[in-house]
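Undergrad: I would like the atomic coordinates for the input below:
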Amino acid sequence: MDLRRLRYFVAVAEARSVGKAAERLRMAQPPLSVQIRKLEAEIGAPLFRRGTRGMDLTEAGQALLARASEALALAADGAEAARAVASGRRGRLSVGYMFVLANAVLPRLIPELRRSVPGVDLDFAELSASTREARLLDRSVTVALCMPAIHHPEIQVARIGAQPLMLVMPIRSPLARLTSVPMARLQGRPLIALPPPDQDPASSAVAALLRRHQVVMPIASRVETVHSAMSLVLAGEGLAIVPACAKLGAPRGIVFRPLRDAADSIDVAVCWRRDSHSPLIRTFLKCAEKVVARL
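TA: Purely as a prediction, here's the structure:
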């Protein structure tokens, strides 16, 4: 049913006069009368009858009036909701995050987002190196906070910071007595490794660091998350090289030390689908940049 005709009908019913309704609608009376007749023809029943005090609603007209007013109100609400979503004032934002960034970033990022977009529903999903790309591509998350950045032709990337690499070891390790660890001291020591983003061991930041310093660390285990790596370090299975932000939430019994003569770092990036045009992505990016700059 044409919403315009419903609007005309409600105006005539409230004014009880085609002439007064036409003035309110700022239109000529004859076209308004034509639209009312077309609406009656569409419904198959008269909606008005002329009374001594103007146009009165028939029973069919009374039945239509309540529903027509509700329909017009719902249409107005729908239009406003659409405008609010299009402008980023309302809607839903599904945020994915790498677990290594959770403790360092989420406690500051979530309040910042809620202040910036109070009318937006937020939900959060933990990602790993093996799931983050798929979760963005299948749209189960709108935007992802990643370390390092995702390299995929369908994914847009904005680098918002970097975290230096640090060596993690048990507190009882002889290396823990050093304020910084020379790269040469890592030669031959077992490494708890993380899966690189594209599952190619030669492409990881840690592998590149070791190659450049001509250091060989046999891989004792390869795990999915930084926290799993730290647990194995605590168990004495080897050493790990991880981003500095992993110190937040690290278990007792392990220590972090900078690597001497090695300033390597891993990018922190916001990633989203190239074909996504949600205005909330821009808002998220600004909030994430602000928070990561304080790390």
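
Undergrad: Stretch 105-124: end-to-end distance?
TA: Separation of the first and last residues of stretch 105-124 by Cα to Cα, to the nearest Å is 13 Å.

Undergrad: what's next to it, contact-wise?
TA: Contact partners of stretch 105-124, identified using Cβ atoms under 8 Å, 6 or more residues apart in numbering, comprise 84, 88-97, 145, 245, 280, 283-284, 286-288, 290-292, 294-295. C-beta here means a position set from N, CA and C on the backbone, and glycine is covered the same way.

Undergrad: where do the helices sit along this protein?
TA: Per DSSP state H, the chain carries helices over the ranges 3-15, 18-25, 29-43, 59-87, 99-116, 132-137, 205-212, 226-234, 279-292.

Undergrad: In a markdown table, list those along with mean pLDDT, mean neighbour count and distance to residue 268.
TA: What follows is these, written out as a markdown table (pLDDT from 0 to 100; neighbours: other Cβ atoms under 10 Å; distance: least, Cβ to Cβ, whole Å):
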| stretch | mean pLDDT | mean neighbour count | distance to residue 268 |
| --- | --- | --- | --- |
| helix 3-15 | 89 | 19 | 48 |
| helix 18-25 | 90 | 17 | 57 |
| helix 29-43 | 91 | 15 | 59 |
| helix 59-87 | 77 | 13 | 28 |
| helix 99-116 | 93 | 18 | 7 |
| helix 132-137 | 93 | 19 | 13 |
| helix 205-212 | 92 | 16 | 12 |
| helix 226-234 | 94 | 21 | 13 |
| helix 279-292 | 93 | 19 | 5 |
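
Undergrad: Of all the ones you listed, which one comes closest to residue 218?
TA: For residue 218, the closest of the helices of the chain is helix 205-212, at 11.0 Å, according to Cβ to Cβ.

Undergrad: returning to what we had before: could you dump the helices of the chain to TSV with distance to residue 166?
TA: Shown next, in TSV, are the helices of the chain (distance: least, Cβ to Cβ, whole Å):
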stretch	distance to residue 166
helix 3-15	62
helix 18-25	71
helix 29-43	73
helix 59-87	42
helix 99-116	12
helix 132-137	22
helix 205-212	11
helix 226-234	11
helix 279-292	17
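
Undergrad: of all those helices, which lies closest to residue 254?
TA: Closest approach to residue 254 among the helices of the chain (Cβ to Cβ): helix 226-234, 5.3 Å.
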